[in-house]
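A.B. asks: kindly return the folded structure for what I paste below:
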Amino acid sequence: MNIKIKVASKIKEPQKILDLSGYQLVISYFLIGLVMFYGVRFLEESIYQIFTKEHYLILHTLMEFITIIIYTASFLIIYYVGEWDKRLRMKVLAAVFLFVAGIDFWHTFSYSGMPGIFVPSSNQSAICFWVVGRIGFAAGLLISSFIPLEIKVRKIHKWLIVIPPMLLSFIFLFLVSYFPGIFPDFFIEGKGLTIEKYVLEYIIIIMLIIAFINFMREYKKTRSNELPLLLSALILSIFSELSFTNYFSVYDTYNLLGHIYKLIASFLIFKVLFIVNIHHPYYKLNKAEKEIIKYANNLEQLVQQRTEEINQANQEMLRDLEYAKTIQKAIMPVKHAQFDNLEVYSEYVPYEKVGGDFYGFEDLNDSYLAFYIGDVAGHGIPAAMMTIFMKQTIITEKIFQSGFKEIFTPKEVLANLYKEYNATDFPLEMYAVMIYGVYNKKTKDLIFSSAGLNTYPLIYKDGIVEPIEHTGFPICKFDKNYQPEFQNYIIPLKKGNRLLFYTDGIIEVSNRKGELFGEERLIKIFQKKGHLSLEKFSQEILKELNQFTKGVRLNDDVHYFIMEVK
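C.D. replies: Numbering: from 1, shown residues only. Predicted coordinates for the structure are as follows:
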């Protein structure tokens, strides 16, 4: 046997995603942000300009939509791994990003020159949404920086990180649209930003700085490979807020620079969440797969050897089952027999090669014929061995020294069988249910006793079929000192009467819809086809059974026999 294992495509280790060390990466982004900011400041006379409204709106809308998509994607990453990732920090970040995405959407359409949402767009409404979104962003990162990454929640409904942030964003949409007076003026046309705008921007910067410090401390302890990206995003977010403290027009260079910082920072945050929630699990999976391949290749010869041993053992077991089947078949009565004025016909379809149902007929003398039918718990070899014990332990008569034979009544036979069974070492979970009876050939009376068989024999008289109800205690391990009371049932018969004895395998057969064959269906077949010869009647039962199941595998032994008084 050759084992061929396909190696998955190589996934880079998270450590190799960053070409620079963590501190070098943070310093690099700081220098890039610093150069961009002060490059515009020092070259302001030649670089600074106020763009035309139409051109700037295209750039602004494009950048805002990209950041909205990035924040939404960041939320979705956390949302859809929520069943496996129980970390509280991630739940907080998911809610924050969904809230910020919603506020940025309102901000984009409220920007001066855009169509607005509920009310016409204006600089004041756009800046209100901007300030709310940036405060939410900074506060969310600040709160998450105080939550250790290892803290997990046992169970949190996904909707708790969806409904509150969405509801809050709609509340701010309503307030800014219909109650703008509750917000201070942030921008005066021709004069620029107000003191309130400056104060709030620096509050946002302070929150970002504190979050940066907390995450930097965490990085010193854990050396987590994704934290430098988050620290770099915080640095660019700080420069973004600084840019928004310097613009004179909502269409000028500083406003554009602030949006560029924001766009890059949002991408870095998305990259962090992608690494943590998607790349890391796949990297670990790839690493585990390589380990499995290593061990699998080393174990190929051992697997081949064990497979050959299993195949050999399986062949031996199949041979043993065939032997057991032959032995069990040999001790079963003939399928069709005639005992004076009683004709019997039996059918036995085992669930496995060997079954757990048993039956028998014994011609005791000129007057009496003994019969029994039973079902042992379970299937296979253990059940088959149990059936042999049951058949061998049934004692039908007592022989005296004078040679006189006393035939036991059915209830006496079952009482003795119960006693003998409790004297064995059979396990407690094994048991048997059965019916034992005798038929009087002269009087045509049938007497039987039940040991808990859960099916009722069916009697056919003058075209009418009726079940014969009975009760009894099963043959099981219960108490050596306990002797159950078995009861004799007397059924007077006459010529032409028929009896059908069966185990529950036939009525509990199910079809593809899960419906059971059932006793009522069996009664209808008996009533409709009961006039046929015993062999043809049995064939009709099997035909109806096959049509009902339509190829569904049996789940128990199917066994019955039919008696007819001649």
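A.B. asks: could you pull out the strands for the stretch 301-450 of the chain?
C.D. replies: 336-339, 342-349, 357-363, 368-376, 397-399, 405-407, 431-440, 445-451 (DSSP state E, counting those that start in this stretch).
A.B. asks: I'd like the ones you listed as CSV, with mean neighbour count appended.
C.D. replies: In short, each C-beta sits where N, CA and C put it, glycine included. Shown next, in CSV, are the strands of the stretch 301-450 of the chain (neighbours: other Cβ atoms under 10 Å):
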stretch, mean neighbour count
strand 336-339, 14
strand 342-349, 20
strand 357-363, 20
strand 368-376, 24
strand 397-399, 12
strand 405-407, 12
strand 431-440, 24
strand 445-451, 23
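A.B. asks: for those strands, give me a markdown table that also has distance to residue 178.
C.D. replies: Formatted as a markdown table, the strands of the stretch 301-450 of the chain follow (distance: least, Cβ to Cβ, whole Å):
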| stretch | distance to residue 178 |
| --- | --- |
| strand 336-339 | 94 |
| strand 342-349 | 79 |
| strand 357-363 | 81 |
| strand 368-376 | 78 |
| strand 397-399 | 102 |
| strand 405-407 | 101 |
| strand 431-440 | 78 |
| strand 445-451 | 83 |
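A.B. asks: ranking these by mean pLDDT, which is last?
C.D. replies: Confidence, taken as mean pLDDT, is least for strand 397-399 of the strands of the stretch 301-450 of the chain (a mean of 75).
A.B. asks: list of residues touching it?
C.D. replies: When contacts are defined by Cβ atoms under 8 Å, 6 or more residues apart in numbering, strand 397-399 is touched by residues 364, 405-408.
A.B. asks: how near is the nearest residue to residue 108 once chain neighbours are set aside to residue 499?
C.D. replies: Sequence neighbours aside, residue 64 is the residue nearest to residue 108 in space, at 4.3 Å (criterion: Cβ to Cβ, 6 or more residues apart in numbering). To residue 499, residue 64 is 87 Å away according to Cβ to Cβ, to the nearest Å.
A.B. asks: between the two, which one's more packed in?
C.D. replies: More crowded of residue 64 and residue 499, by other Cβ atoms under 10 Å: residue 499, with 24 against 19.
A.B. asks: just the strands in the stretch 151-300 of the chain please.
C.D. replies: Using DSSP E, counting those that start in this stretch, strands in the stretch 151-300 of the chain cover 187-188, 192-193.
A.B. asks: between the ones you listed, which gets nearest to residue 145?
C.D. replies: strand 192-193 (28.1 Å; Cβ to Cβ).
A.B. asks: quick check: neighbours of the closest one in the sheet, parallel or antiparallel?
C.D. replies: Applying DSSP bridges, strand 192-193 is found paired with strand 187-188 (antiparallel).
A.B. asks: got the contact list for the strand it pairs with?
C.D. replies: Strand 187-188 is contacted by residues 123-124, 127, 193-194, 197, 250 when judged by Cβ under 8 Å, 6+ apart.
A.B. asks: the same query, at a cut-off of 7 Å, please.
C.D. replies: 123-124, 127, 193-194, 197 (Cβ atoms under 7 Å, 6 or more residues apart in numbering).
A.B. asks: do the same with stretch 120-130
C.D. replies: 103, 106-107, 109-115, 176, 180, 183, 185-187, 189, 197, 250.
A.B. asks: returning to what we had before: so which elements touch the strand or helix carrying the residue nearest to residue 108?
C.D. replies: For residue 64, the host element (DSSP states H and E) is helix 53-80. On a contact count with 3 or more Cβ pairs under 7 Å, 6 or more residues apart in numbering; DSSP states H and E, helix 53-80 meets helix 88-110, helix 253-274.
A.B. asks: send me the longest one as CSV with only the CA atoms.
C.D. replies: Spelled out, that is helix 88-110. Extracted in CSV, the C-alpha atoms of helix 88-110 (Å, rounded to 0.1, in the frame of the first residue of the first chain):
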residue,chain,number,x,y,z
LEU,A,88,-13.3,40.0,24.8
ARG,A,89,-11.0,42.5,23.1
MET,A,90,-12.0,41.3,19.7
LYS,A,91,-15.7,41.6,20.5
VAL,A,92,-15.2,45.3,21.6
LEU,A,93,-13.2,46.0,18.4
ALA,A,94,-15.9,44.5,16.2
ALA,A,95,-18.5,46.7,17.7
VAL,A,96,-16.3,49.8,17.4
PHE,A,97,-15.5,49.2,13.7
LEU,A,98,-19.1,48.6,12.9
PHE,A,99,-20.1,51.9,14.6
VAL,A,100,-17.3,53.8,12.9
ALA,A,101,-18.2,52.4,9.5
GLY,A,102,-21.8,53.6,10.0
ILE,A,103,-20.8,57.1,11.2
ASP,A,104,-18.3,57.5,8.3
PHE,A,105,-21.1,56.6,5.9
TRP,A,106,-23.3,59.4,7.3
HIS,A,107,-20.2,61.7,7.2
THR,A,108,-19.6,60.9,3.5
PHE,A,109,-23.1,61.8,2.4
SER,A,110,-23.3,64.8,4.7
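A.B. asks: what's downstream of it, the next helix or strand?
C.D. replies: helix 123-145.
A.B. asks: and that next one, what's buried?
C.D. replies: 123-142, 144-145 (16 or more other Cβ atoms under 10 Å).
A.B. asks: quick one: average pLDDT of it?
C.D. replies: Mean per-residue pLDDT for helix 123-145: 93.
A.B. asks: quick check: angle from that helix to helix 88-110?
C.D. replies: Angle between the axes of helix 123-145 and helix 88-110 is 170 degrees (criterion: axes from the mean of the first three to the mean of the last three Cα atoms, to 10 degrees).
A.B. asks: helix 123-145 vs helix 53-80, what angle?
C.D. replies: Counting by the same axes, to 10 degrees, helix 123-145 lies at 30 degrees to helix 53-80.
A.B. asks: tell me how far helix 123-145 lies from the chain's centre.
C.D. replies: Centroid displacement of helix 123-145 relative to its chain, using Cα atoms, centre = their mean, to the nearest Å, is 41 Å.
A.B. asks: again, but for stretch 428-435
C.D. replies: Relative to the centre of its chain, stretch 428-435 is centred 36 Å away, using Cα atoms, centre = their mean.
A.B. asks: can you list contacts of that stretch?
C.D. replies: Outside stretch 428-435, the residues that touch it by Cβ under 7 Å, 6+ apart are 372-378, 386, 390, 448, 450-454, 474-477, 501.
A.B. asks: just the CA coordinates of that stretch, formatted as PDB?
C.D. replies: What follows is stretch 428-435, C-alpha atoms only, in PDB (Å, rounded to 0.1, in the frame of the first residue of the first chain):
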ATOM      1  CA  LEU A 428     -27.100  -8.500  33.100                       C
ATOM      2  CA  GLU A 429     -27.700  -6.700  29.800                       C
ATOM      3  CA  MET A 430     -28.600  -9.900  28.000                       C
ATOM      4  CA  TYR A 431     -32.100 -11.200  28.100                       C
ATOM      5  CA  ALA A 432     -34.700 -13.100  26.000                       C
ATOM      6  CA  VAL A 433     -38.400 -12.800  25.300                       C
ATOM      7  CA  MET A 434     -40.400 -15.700  24.000                       C
ATOM      8  CA  ILE A 435     -43.700 -17.600  23.800                       C
END
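A.B. asks: excluding residues flanking it in the chain, which one is nearest residue 518?
C.D. replies: Spatial nearest neighbour of residue 518, excluding adjacent residues (Cβ to Cβ, 6+ apart): residue 507 at 5.4 Å.
A.B. asks: so where's the stretch 201-350 of the chain uncertain?
C.D. replies: Counting by pLDDT under 70, the stretch 201-350 of the chain shows low-confidence ranges at 276-303, 313-333.
A.B. asks: let's see it at 90
C.D. replies: Applying pLDDT under 90 to the stretch 201-350 of the chain flags residues 222-227, 229, 246-252, 269-337, 347-350.
A.B. asks: now the helices for it?
C.D. replies: For the stretch 201-350 of the chain, the helices defined by DSSP state H, counting those that start in this stretch cover 227-243, 253-274, 280-298, 300-331.
A.B. asks: any idea of the angle the helix holding residue 64 forms with helix 253-274?
C.D. replies: Between helix 53-80 and helix 253-274, the angle comes out at 20 degrees (the same axes, to 10 degrees).
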